[in-house]
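Asks: I'll drop the sequence and a predicted model, then ask my questions.
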Amino acid sequence: MQTNTGKIRFYGYCRKSSEEDDRQALSLDSQKKHIEIMRKAKNLEIAKTFSEAKSAYKTGREGFDEMIEGIKAGKANAIVTYHLTRLARNPVDGGRIIYMLDEGLIKTIVTPEKIYLNNSDDKFVMSIHFAMAKKSSDDTSNFVKRDITAKLNKGEYPCFAPIGYLNIDKDGKIAGKQYTFEKQGELMKLNRPLKRVELDPFFAPIIKQIFELNSTGQYTMNKLREISLELGLTANRSKRKVSKATIARMLANPFYYGAIRWCGKVIEPEELPPATRHEPIITKELHERNLEVLGLKSKQKNNTTVYPYSNFIKCGTCNGTISGMTAKGHHYYRCVRCGKPTYIREEDLDEQVFAEIEKISIDDDFLKLAIEELNKANEVQVRSLKEIRSQQERALQNCKTQMENLIKLKISASNIDGGLLNDEEFIKQKKEVMEQESKIKRELEATDGNANQWFDTAVDYFDFTTNLKNKFPEMAPAKKREVFQFICVNPILTNKIMLNTEENPHKFVIELKKNIDAVITANLPLNQTKKGFAQDETPFWRTGRDSNPRSSP
């Protein structure tokens, strides 16, 4: 690949996360095949392809960092990847990519649906992709938390049940490796709909005996392990003697008297719905006696105070963590490492965060104009995807033709003795064509899925930032923390002043907002504002707008 600025040398980058929110991403092998297809189609020179299985939700990926250092050293000056989200799902790494593109260290980034260059439009689109990828990950995390809360409210344990209990799937069958025909048969004798967690008919009586023996204070952990094995209680996976740690956790777990412990809080049986809560194996009194024998306190700490900015800001002096505390009715933040910690009240930090929010917070008029421009830009994206889909459909039809020709050759009169195509060759070639056809079908599905992805991502971004400065002061602390992490990138606190240490991933939105605010004045009616916005003041929306502006409607 050649440009007017010289030869382009690429690094390929593939990433597959093991995180739950990324399980739908293509495998590393599939991503490598896509990169190889792009290499051949676009005649790219790829110096090296980096591949790693690690989440991009936080910084610190070895392969990604090695790739960035290689680009800084001049070994490559472009990146080819399956999708921008493979590069980053956090604002820090996303900001590094955009900054290097801005500085000319990266000349271009190539993906199947788009080629990103060092121009304001492409960098703006990338900034939205990276920012919304972070928000999408946060949203997924919040969804999981809400799902767990919903299960707890229904009286269901949201995790794998401890030894002595069985998880039941939606079909009423014992889930996973716990299943045995004998246990399933015993549960069917209950003659009632099974709950999501049921007593293990074989292990539950043994568990109760262990609790009763330990409550006497006459047995060591090793002795209890031996007794458990003699009674038939074994580890779920190894089928061997249960460990001392397993016995200790079991004896301290309130789950066995019908409660649920979650995030340091114990939900008592009477707080759970009777229809869905699990059956106890022991009484609460027996549980308390076992805690006394173990030397543990049954009282659980429940700290409900939420500090929006705690553990996310670093100290500018020692790089320690800034944590929240409460004193005399006020919330303060200070470094836990410094000999001379800096104390700052939460209200003062609120003001500084609010100043950052004001930079990207937009109003309804801006949103309306932005959506109009996004619709225009989306038309270009849709046309590009249509062309890609057309190429994929032709490739799919070519596979079907190959398969038809292969079958015709195999059954032709000239091939009765297998001289032209024997059984082994036929099976091998048929498999290759079917694999190619299956791959193209997956690519078609991905193309269809990407049809409105860019537009939806941009709209979500603007919806999130619309009137954000008006919403922020009234937000709950947990919601403030979510917004703070979205807005600020690796912030540091020095002399009670908070600063971002990385390239701001929202900078193109900020610059665009400044340009629009310069046009919108109190003396201009709305229709004149639109005209000025669409004609002269939007270099960030479309390449070449300044050199060839469209006339106003």
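Replies: Perfect, thanks for sending it. Numbers count the residues shown, from 1 in each chain.
Asks: from now on I want contacts and neighbour counts done on CA atoms only, so please keep to that.
Replies: Fine.
Asks: mind listing what's buried along the helix or strand hosting residue 498?
Replies: Using DSSP states H and E, residue 498 sits within strand 497-500. Residues 498, 499 are the ones in strand 497-500 that count as buried (16 or more other CA atoms under 10 Å).
Asks: what packs against that strand?
Replies: Using 3 or more CA pairs under 8 Å, 6 or more residues apart in numbering; DSSP states H and E, the elements in contact with strand 497-500 are helix 346-360, strand 491-494.
Asks: other residues contacting the last one?
Replies: For strand 491-494, the external contacting residues (CA atoms under 8 Å, 6 or more residues apart in numbering) are 312, 313, 314, 315, 316, 317, 322, 342, 498, 499, 500, 501.
Asks: ok, 10 Å please
Replies: Residues outside strand 491-494 that contact it (CA atoms under 10 Å, 6 or more residues apart in numbering): 312-322, 333-335, 342, 344, 349, 485, 497-502.
Asks: next, the residue nearest to residue 492 when sequence neighbours are not counted: phi, psi?
Replies: Closest residue to residue 492 apart from its sequence neighbours, by CA to CA, 6 or more residues apart in numbering: residue 314 at 4.6 Å. Note on residue 314: its backbone torsions stand at phi -100, psi 150 [degrees, to the nearest 10].
Asks: do you know how far residue 314 is from residue 496?
Replies: To residue 496, residue 314 is 12 Å away according to CA to CA, to the nearest Å.
Asks: ok, residue 14 - how many residues close by?
Replies: 26 (other CA atoms under 10 Å).
Asks: so residue 155 sits in a strand?
Replies: No. Counting by DSSP: H, G, I helix; E, B strand; the rest coil, residue 155 is located in no strand; its state is coil.
Asks: my guess is it meets residue 274, correct?
Replies: Yes. Judged on CA atoms under 10 Å, residue 155 makes contact with residue 274 at a distance of 8.0 Å.
Asks: of the two, who's got more company?
Replies: Remark: of residue 155 and residue 274, residue 155 carries more neighbours, 22 against 12, as counted by other CA under 10 Å.
Asks: from residue 403, how far off is the more buried one?
Replies: Distance, residue 155 to residue 403, using CA to CA: 55 Å.
Asks: and if you look at residue 355?
Replies: 63 Å.
Asks: next step: the contacts of strand 491-494 restricted to helices.
Replies: If you go by DSSP state H, the contacts of strand 491-494 have 349, 485 in helices.
Asks: buried subset of the contacts of strand 491-494 as a PyMOL selection?
Replies: PyMOL command restricting these to the buried ones, with burial defined by 16+ other CA under 10 Å:
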select buried, resi 312+313+314+315+316+317+320+321+322+333+334+335+342+344+349+485+498+499+502
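Asks: who's in contact with the strand holding residue 498?
Replies: 313-316, 344, 348-349, 352-353, 356, 487-493.
Asks: picking up where we left off before, just the helices and strands packed on strand 497-500: most buried one?
Replies: Most buried of these, by mean neighbour count (mean count of other CA atoms under 10 Å): strand 491-494, with a mean of 20.
Asks: just checking: what are the partner strands of that one?
Replies: Within its sheet, strand 491-494 is paired with strand 314-315 (parallel), strand 497-500 (antiparallel), according to DSSP bridges.
Asks: can I assume residue 326 sits in a strand?
Replies: Yes. Looking at residue 326 with three-state DSSP, it is inside a strand.
Asks: I'd assumed residue 307 was in contact with it.
Replies: Yes. In terms of CA under 10 Å, residue 326 counts as a neighbour of residue 307; the distance is 9.4 Å.
Asks: which of these two has more neighbours?
Replies: Ranked by neighbour count (other CA under 10 Å), residue 326 and residue 307 place residue 307 first, with 19 against 13.
Asks: okay, the helices and strands packed on strand 497-500 in a markdown table with distance to residue 268 next?
Replies: Supplementary listing: these in a markdown table, determined by distance: least, CA to CA, whole Å:
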| stretch | distance to residue 268 |
| --- | --- |
| helix 346-360 | 35 |
| strand 491-494 | 41 |
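Asks: I'd like those as TSV, with mean pLDDT and distance to residue 58 appended.
Replies: TSV is the format used below for the helices and strands packed on strand 497-500 (pLDDT from 0 to 100; distance: least, CA to CA, whole Å):
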stretch	mean pLDDT	distance to residue 58
helix 346-360	88	21
strand 491-494	86	15
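Asks: so for residue 326 and residue 307, which residues contact both of them?
Replies: In contact with both residue 326 and residue 307: 332, 333, 346, using CA under 10 Å, 6+ apart.
Asks: between those residues, which is nearest residue 428?
Replies: Using CA to CA, the shortest approach to residue 428 within those belongs to residue 333, at 66.5 Å.
Asks: contacts only, for the nearest residue to that closest one once chain neighbours are set aside.
Replies: The shortest distance from residue 333 to any non-neighbouring residue, by CA to CA, 6+ apart, is to residue 324 (4.5 Å). Contacts for residue 324 (CA under 10 Å, 6+ apart) come out as 305-311, 331-336, 343-346.
Asks: again, but for residue 467
Replies: 357, 358, 360, 361, 362, 363, 364, 367.
Asks: any idea how far it is from residue 489?
Replies: Taken as CA to CA, the span from residue 467 to residue 489 is 21 Å.
Asks: in the chain, which helix is the longest?
Replies: helix 364-411.
Asks: and that helix, what does it pack onto?
Replies: If you count contacts as 3 or more CA pairs under 10 Å, 6 or more residues apart in numbering; DSSP states H and E, helix 364-411 packs onto helix 423-449, helix 453-465, helix 507-519, helix 526-535.
Asks: and if we set it to 7 Å?
Replies: helix 423-449, helix 453-465 (3 or more CA pairs under 7 Å, 6 or more residues apart in numbering; DSSP states H and E).
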